[in-house]
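>>> Quick one, structure for this:
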Amino acid sequence: MKCLYCNHENLIGAIYCENCGKKLTNIDNSFYKENVSKKTFSIGRSSYNDIIINEQSISRKHAIIEILPNNEYFLRDLSSKNGTYVDDIKIKQKHINFTSRIKFGSYKLSGEELINKIHNKNKTNISLKKSIHDASKNKKITKKTFNKNIYIIAALAILSFFLLYNEFLKKSIKYNIQDIKTSIVMIVCKTKTGISSGTGFFITNNYIITNFHVIKNSIDIFYYNKLYSNLQTATIVSSSKVLDLAILKVKFPYKGHILTFGEMPHIGDEVTAWGYPGFILNNLNNNIPNVIMTDGKVSSDSYGVYPQYIIHSANLAHGNSGGPLLDRNHNIIGVNTLVIPDKLTNSQFNAAISVETLKRYLKNIGIQY
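Take a look at the predicted model:
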């Protein structure tokens with residue numbers, strides 16, 4: 001039996017650790033085999049976690065801890081924003097015991113406290129199982145019949161759930177994509193030298209965000225997508241050459257879906273870029289264009305402070321400027337702004353102004369989102 005203080009492996013049945021002399025904990029293999037209804041627990045700030053720690057420095061889903069059959073505990077960080085530390089060392093994954101000093105963001109606790117939280121979490125499940133078992137004994141049916149009926153009911157319930165969920169998922173995905181499309185618009189600018197275009201998207205019912213360089217030489221500004229039968233007019237209410245951002249106000253309030261703001265992404269996170277590449281403008285043939293989506297991943301840590309940029313691999317082209325960069329949950333994490341060619345590798349880097357820069361800009365000019 002493993003000691004949770006020093007990790008020494010003791011003989012089965014030992015009461016005290018042969019190495020450190022401390023009494024062996026009652027949390028042993030029999031608990032794991034018979035009582036633990038879950039073996040992996042999520043730790044974070046949101047309500048869907050098994051262990052909720054209401055602390056701002058902790059991510060919505062910060063880490064997981066796994067109970068192994070040999071009475072070991074394995075802690076994994078989930079690419080959290082402020083990191084997971086064991087004994088003052090930032091970790092990706094590590095075995096812990098009672099004496100470990102653990103820190104999630106700025107929240108500190110001992111290994112013993114964390115392990116006890118896990119097993120206290122299981123007490124409710126254990127009691128519930130026992131109550132169901134005791135109640136079944138009092139029924140005037142045999143255990144065999146009872147189990148058979150339970151299995152049939154459970155199987156039917158699971159089958160019904162998956163059939164209904166599959167239909168819901170299909171409709172949900174369809175509606176989500178349609179909502180995204182209607183919230184993104186093609187920006188068309190009349191200038192002294194002709195027509196230029198870019199992309200923008202609604203952040204409220206009355207305001208569209210785009211890049212400054214999309215509208216900087218405009219005489220008149222229009223926007224449209226498949227939601228509208230003709231061009232709609234917009235006016236500039238705020239712009240920043242330094243941040244390369246501009247806010248347009250629409251004449252008639254938009255009544256569709258508004259994209260929500262997400263959190264800063266991490267390297268490797270999946271992203272999608274949405275917009276109206278410039279080639280569309282040259283091939284309209286009097287038809288209203290479709291928004292184009294490309295997918296990729298975050299390529300590196302963000303750089304810059306204000307503005308701050310996100311580098312990603314979702315392909316951009318001229319005309320994508322001002323369009324949204326979305327995370328896998330369709331939340332705004334950036335405004336696509338520029339393409340940086342790499343002549344050595346014959347490739348390109350795509351950059352988006354970060355959601356943190358966008359939120360700070362909106363706050364400074366007094367626009368609520």
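>>> Could you pull out the strands in the stretch 151-300 of the chain for me?
184-191, 194-202, 207-210, 220-224, 232-240, 245-250, 270-275, 292-297 (DSSP state E, counting those that start in this stretch).
>>> ranking those strands by burial, who's on top?
Counting by mean count of other C-beta atoms under 10 Å, strand 207-210 has the highest mean neighbour count of the strands of the stretch 151-300 of the chain, with a mean of 25. To be clear about C-beta, it is placed using only N, CA and C from the backbone, and glycine gets the same treatment.
>>> picking up where we left off before, please name whichever of the strands of the stretch 151-300 of the chain is nearest to Asp327.
Closest approach to Asp327 among the strands of the stretch 151-300 of the chain (C-beta to C-beta): strand 270-275, 6.2 Å.
>>> now the closest one, how far from the centre of its chain.
14 Å (C-alpha atoms, centre = their mean, to the nearest Å).
>>> May I have the phi/psi pair for Ile365?
phi -100, psi 0 (degrees, to the nearest 10).
>>> any idea how far the nearest residue to it once chain neighbours are set aside is from Gly194?
Using C-beta to C-beta, 6 or more residues apart in numbering and skipping residues adjacent in sequence, the residue nearest Ile365 is Ser238, 4.8 Å away. To Gly194, Ser238 is 26 Å away according to C-beta to C-beta, to the nearest Å.
>>> and if you look at Ile184?
24 Å.
>>> likewise Ala246?
As judged by C-beta to C-beta, Ala246 and Gly194 stand 20 Å apart.
>>> in terms of contact, does the residue nearest to Ile365 touch Ile247 like I think?
Yes: in this structure, Ser238 is within contact of Ile247 by C-beta atoms under 8 Å, at 4.4 Å.
>>> anything in contact with each of the two?
When C-beta atoms under 8 Å, 6 or more residues apart in numbering defines a contact, the residues bordering Ser238 and Ile247 alike are Ile365, Ile367.
>>> show me where pLDDT drops low in the stretch 51-200 of the chain?
Residue ranges of the stretch 51-200 of the chain with pLDDT under 70: 69-71, 121-149, 160-175.
>>> where exactly do the helices run in it?
111-137, 143-183 (DSSP state H, counting those that start in this stretch).
>>> Gly198: what's it in contact with?
Counted by C-beta under 8 Å, 6+ apart, Gly198 has contacts 186-187, 189, 210-211, 214-215, 275-276, 319-323.
>>> Can you tell me how far it is from Ile184?
11 Å.
>>> what's the overlap in contacts for the two?
Common neighbours of Gly198 and Ile184 (C-beta under 8 Å, 6+ apart) are Gly275, Gly323.
>>> From the opening residue of stretch 246-259 to its closing one, how far?
Stretch 246-259 has its terminal residues 17 Å apart, counting by C-alpha to C-alpha, to the nearest Å.
>>> How far away from the center of its chain is that stretch?
Distance, stretch centre to chain centre, for stretch 246-259: 25 Å (C-alpha atoms, centre = their mean).
>>> what does that stretch contact?
179-180, 182-183, 187, 200-212, 214-215, 221, 223, 227, 232-240, 324, 326, 330-332, 362, 365, 367.
>>> Keeping just the C-alphas, turn the top strand by length along the chain into PDB.
If each strand of the chain is counted by residues according to DSSP state E, the longest one is strand 332-342. Extracted in PDB, the C-alpha atoms of strand 332-342 (Å, rounded to 0.1, in the frame of the first residue of the first chain):
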ATOM      1  CA  ILE A 332     -14.800  36.500 -30.900                       C
ATOM      2  CA  ILE A 333     -11.100  36.300 -30.100                       C
ATOM      3  CA  GLY A 334      -9.700  38.800 -32.600                       C
ATOM      4  CA  VAL A 335     -10.200  41.100 -35.600                       C
ATOM      5  CA  ASN A 336      -8.200  39.800 -38.700                       C
ATOM      6  CA  THR A 337      -5.900  42.600 -39.800                       C
ATOM      7  CA  LEU A 338      -2.900  41.700 -41.800                       C
ATOM      8  CA  VAL A 339      -0.900  39.100 -43.700                       C
ATOM      9  CA  ILE A 340       2.900  38.800 -43.200                       C
ATOM     10  CA  PRO A 341       4.600  37.000 -46.100                       C
ATOM     11  CA  ASP A 342       7.600  34.800 -45.300                       C
END
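>>> quick check: mean pLDDT across the helix or strand following that strand?
Counting by DSSP states H and E, the next helix or strand C-terminal to strand 332-342 is strand 347-354. For strand 347-354, the mean pLDDT works out to 87.
>>> C-alpha coordinates for strand 347-354, PDB please?
Only the C-alpha atoms of strand 347-354 are listed here, as PDB (Å, rounded to 0.1, in the frame of the first residue of the first chain):
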ATOM      1  CA  SER A 347       4.400  30.900 -46.700                       C
ATOM      2  CA  GLN A 348       2.500  33.600 -44.700                       C
ATOM      3  CA  PHE A 349       1.700  34.600 -41.200                       C
ATOM      4  CA  ASN A 350      -1.800  35.800 -40.400                       C
ATOM      5  CA  ALA A 351      -2.400  38.300 -37.700                       C
ATOM      6  CA  ALA A 352      -5.500  39.400 -35.800                       C
ATOM      7  CA  ILE A 353      -5.900  42.200 -33.300                       C
ATOM      8  CA  SER A 354      -6.700  40.500 -30.000                       C
END
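>>> Which positions within it qualify as buried?
Gln348, Phe349, Asn350, Ala351, Ala352, Ile353, Ser354 (16 or more other C-beta atoms under 10 Å).
>>> With stretch 64-76 instead?
Ile64, Ile65, Ile67, Asn71, Tyr73, Leu75.
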